[in-house]
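Colleague: here is my input; please provide its structure:
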Amino acid sequence: MIPDKAFYVEPKNVNDSTFFLSEEESHHVTKVFRVALGSKISLLNGIGSGYIAKIDSFDGGIVFGTIEDKLESFGENKYDLNIAPAVIKRDRFESLLEKVTELGVKEIYPLITDRCIKNTINMARCRKIIISASKQCQRSHFPLLHEPIDMKTWLNRLEGQCFAGIKNVTDQLSDMDIKKENVINIIIGPEGDFSPKEIEMLKNKGVRFYTLGNRRLRSETAAQSSLSILNELMI
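Modeller: Below is the predicted model of the structure:
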């Protein structure tokens, strides 16, 4: 049985069958969640491994314990999924980060598009949100957040399949021939949608377009809807 409470353990702090937590994570264990000595907890190392562990001691405010089981790729999809969302207002972008983390993305590429009203994000704050969301949903691989990048540069570096949700098309994601064994990239535009120049750029790069219906969705809603559909299709 997997313990309900999950905490981040830095890979270097796991040594064969023992572990210790950072001061910050130890504080969460002892002061926030008040986990008792001898309790079982889940540990996530952020790079693909999960552990079932037991707390053995609290020493100088640090949690020490024993690894009882190792779970590779714990909480992860069986396919690689990246998302490239346009940069939007801070609170909504942070909500987007939480949801795409819960839905299994591997990498996040914030895009600067013609109709973005922002072109920067607080990287440190956003990474903390991703770690928190990963612990909440018990993912052993924490999504990699890249610095914001303009769409042309990102497209020139693109590898794998690529799909973009836009208005005024009829194909749905379920209509697409999506290869589970290849990296899947999803692009989400700003609420004003992509500019005509950007749509032409996407076409020239072989990006396939899909619709999410006839309602205008907020970017974070479009991201969540797209990933939910993909997770259903890829089972």
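Colleague: any idea how far residue 212 lies from residue 36?
Modeller: 46 Å (Cβ to Cβ, to the nearest Å). C-betas here are computed from N, CA, C, even on glycine.
Colleague: the more surrounded of the two?
Modeller: Neighbours around residue 212 and residue 36, counted as other Cβ atoms under 10 Å, are more numerous at residue 212. The numbers are 19 against 9.
Colleague: contacting residues around that one?
Modeller: By Cβ atoms under 8 Å, 6 or more residues apart in numbering, the contact set of residue 212 is 165, 222, 225, 226.
Colleague: could you check how far it is from residue 29?
Modeller: From residue 212 to residue 29 the distance is 41 Å (Cβ to Cβ).
Colleague: repeat that for residue 151.
Modeller: The value you get for residue 151 to residue 29, if Cβ to Cβ is used, is 42 Å.
Colleague: likewise for residue 184?
Modeller: Distance, residue 184 to residue 29, by Cβ to Cβ: 36 Å.
Colleague: also residue 221?
Modeller: The spacing between residue 221 and residue 29, counted by Cβ to Cβ, is 35 Å.
Colleague: also residue 228?
Modeller: Distance from residue 228 to residue 29, by Cβ to Cβ: 32 Å.
Colleague: same check on residue 135?
Modeller: Taken as Cβ to Cβ, the span from residue 135 to residue 29 is 12 Å.
Colleague: which neighbours do these two share?
Modeller: residue 7.
Colleague: now the strands for the chain?
Modeller: 6-8, 14-15, 18-20, 40-44, 49-59, 62-72, 81-85, 107-108, 111-112, 144-145, 149-150, 161-165, 184-188, 208-210 (DSSP state E).
Colleague: of those, flag the one that's most buried.
Modeller: Ranked by mean neighbour count, the strands of the chain are led by strand 184-188 with a mean of 25 (mean count of other Cβ atoms under 10 Å).
Colleague: and it, what does it pack against?
Modeller: In terms of contacts (3 or more Cβ pairs under 8 Å, 6 or more residues apart in numbering; DSSP states H and E), strand 184-188 is packed against strand 81-85, strand 161-165, helix 219-233.
Colleague: ok, and for the last one, which residues are buried?
Modeller: Think helix 219-233. Neighbour-count burial for helix 219-233 flags 219, 220, 221, 222, 223, 224, 225, 226, 227, 229, 230 (criterion: 16 or more other Cβ atoms under 10 Å).
Colleague: got the CA positions of that helix in CSV?
Modeller: Extracted in CSV, the C-alpha atoms of helix 219-233 (Å, rounded to 0.1, in the frame of the first residue of the first chain):
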residue,chain,number,x,y,z
SER,A,219,-5.5,28.9,-22.1
GLU,A,220,-5.3,27.0,-18.8
THR,A,221,-8.6,25.3,-19.6
ALA,A,222,-7.5,24.4,-23.1
ALA,A,223,-4.3,22.9,-21.8
GLN,A,224,-6.2,20.8,-19.2
SER,A,225,-8.8,19.6,-21.7
SER,A,226,-6.1,18.7,-24.3
LEU,A,227,-4.0,16.7,-21.9
SER,A,228,-7.1,14.9,-20.4
ILE,A,229,-8.1,13.8,-23.9
LEU,A,230,-4.6,12.6,-24.7
ASN,A,231,-4.3,10.6,-21.4
GLU,A,232,-7.6,8.9,-22.4
LEU,A,233,-6.4,8.1,-25.9
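Colleague: who's in contact with that helix?
Modeller: With contact meaning Cβ under 8 Å, 6+ apart, helix 219-233 is reached by 77, 81, 83, 85-86, 88, 92-93, 95-96, 99-100, 103-105, 163, 165, 172-174, 178, 184, 186, 188-191, 210, 212, 217.
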